[in-house]
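In: Here is my input; please provide its structure:
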Amino acid sequence: MKIKQLLACMVLCVSIPSWSLADENNGSSIEFKAPPKTSYRLGEHLWFGADIVNAVEFNDNYHLDSDADDHLLFIEPELRAVVAYTPAPGMQLFAELQLDGRKFLSQGEASDEHAEGHIRIEQLYIDYTTSENTSVRVGRQRYQDARSWWYDDKIDALRAQWRHGYWSIEATAARENAFTDDFAHGEAEVKIDYYMLSAGRVKGKRDQYTLFLMQKNDRNSTKDEDPLLLGMQRVGEIGDNIRYWLDAAIERGERRGRKIRAFGADGGFSLRFDGKWEPFVTIGLAYGSGDDHLSDGVDGNFRQTDIQDNEGRTFGITSYKYYGEISDFELANLWVGTLGVGVRPSRNLTAELIYHRYRQDEADDDLFDTDLEMEPVGKRVDLGQELDFVLGYRASDNLKLSVIVGVFDPGSAFAATANAAWLAKVKLAYRF
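Out: Okay, here's the model as predicted:
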């Protein structure tokens, strides 16, 4: 089935309800990935907050093989709680606990997934303001840049920050998975070290210049790499109706005994029009270099940091995977062209259609990091296309809903027998 047929199907299958208005710019609104707010005061120096997030997801044919029934239908509940304690001026202890799991309601014979439950310490740190402009934070903490292109993860770190007005400098030494985050299972994971330095000007969420320097040390036997990434991020807006972004990085270092010489970038803009339903258009282009000479001692494959999430939004209410909800590609040996259209029927409701076109930079039988389960043949570069429908609804600051429907149509880079993959997901968050 081709994209124009899929577009018609999505438009017919999803209706847009009409709800009351809500404040678009209320920064206290609940977010699916952000920790709960410490809304309740338990004592003079003690604060508490909690929320619940529940997702129902159906996906099918991620193996791109219609002869293998690999469909999954499951629910994923999350209960999150945070505690903040401020024993003295300039000092805070913060903890975030999460109980989550996955229960399968239906799954195909080709699937080997199992029900699971987890008890996680998502964050546990102490933050100390040493002077008017400097602070130090030690422990497990969340790292997130404006677009989650460089990082969006919770890692164990020592972080020092200096601020003066809009300007800031930040230095970090971190280890991913220094301690287990799942006390129900205590799974051992590979430990990856990060050393990061960033400097920039931040005037607000939509006006940021940042320079990044990141050294990664991964001695996993399948990777054995120590890449160095140097780059920048610009997020800005022109007036009220134009928002734009640019991320770019050069990569050096060594991977499996080969020198790294790679480059990656992602840029685009979103334009909103005046009038009924405030329609908006988003255009983006992303590139991660590939390697066409495997035996020359140089690795040209650009790799992201491993702690990126590639998720964001422009004028919509809810974030989405901006390289595709189904494929969720890492920007490695890849071109991604994106065209999105959206509307805002009310202040608390947005609906978007996002189209992606994918090509490898160099034909390869390895996709690096993706949710797809089939590898390309390695002879052609056309990976295919994806269409996602994203609906976001914010009933109040404490209640949020998202609906995502997507389809990935494989291209000629895959076997001729490859078929489309499908996704439907509903997510609801409520803050107590």
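In: alpha carbons only for contacts and neighbour counts from here, please
Out: Fine.
In: got a list of what residue 168 touches?
Out: 161-162, 199-202 (CA atoms under 8 Å, 6 or more residues apart in numbering).
In: Looks like residue 310 contacts residue 144 (just checking).
Out: No - contact criterion CA atoms under 8 Å: residue 310 and residue 144 do not qualify, at 10.8 Å.
In: Which one's more surrounded, these two?
Out: More crowded of residue 310 and residue 144, by other CA atoms under 10 Å: residue 310, with 21 against 16.
In: That one and residue 152: what is the separation?
Out: Using CA to CA, to the nearest Å, we find residue 310 at a distance of 8 Å from residue 152.
In: now do residue 51
Out: For residue 51, the distance to residue 152 (CA to CA) stands at 20 Å.
In: ok, now residue 423?
Out: 23 Å.
In: again, but for residue 371
Out: 18 Å.
In: out of these two, which sits in the busier spot?
Out: residue 152 (20 against 15).
In: is it true that that one touches residue 307?
Out: Yes - between residue 152 and residue 307 there is a contact at 5.9 Å, judged by CA under 8 Å.
In: residue contacts, the nearest residue to residue 128 once chain neighbours are set aside?
Out: Leaving aside its sequence neighbours, residue 128 sits nearest to residue 91 (CA to CA, 6 or more residues apart in numbering; 4.5 Å). By CA under 8 Å, 6+ apart, the contact list for residue 91 reads 126-129.
In: let's go with 7 Å and repeat that
Out: Counting by CA atoms under 7 Å, 6 or more residues apart in numbering, residue 91 makes contact with 127-129.
In: looking at the chain, which helix or strand is least sure?
Out: helix 3-13 (a mean of 40; mean pLDDT, DSSP states H and E).
In: what about the residue nearest the centre of the chain, distance to residue 376?
Out: Closest residue to the average C-alpha location of the chain: residue 309 at 2.7 Å, with CA atoms, centre = their mean. Distance, residue 309 to residue 376, using CA to CA: 23 Å.
In: try residue 311
Out: For residue 311 relative to residue 376 (CA to CA), the value is 25 Å.
In: who's more crowded, the two?
Out: The neighbour comparison of residue 311 against residue 376 (other CA under 10 Å) goes to residue 376, with 22 against 18.
In: Turn the contacts of residue 91 into CSV, including secondary structure.
Out: Putting the contacts of residue 91 into CSV (DSSP: H, G, I helix; E, B strand; the rest coil) gives the following:
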residue, secondary structure
127, strand
128, strand
129, strand
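In: List just the nearest of these to residue 39.
Out: Nearest to residue 39 among the contacts of residue 91, counting by CA to CA, is residue 127 at 19.1 Å.
In: show me the residues around the closest residue to that closest one other than its chain neighbours that make contact.
Out: Nearest residue to residue 127, sequence neighbours excluded (CA to CA, 6+ apart): residue 137, at 4.3 Å. By CA under 7 Å, 6+ apart, the contact set of residue 137 is 125-128, 158-160.
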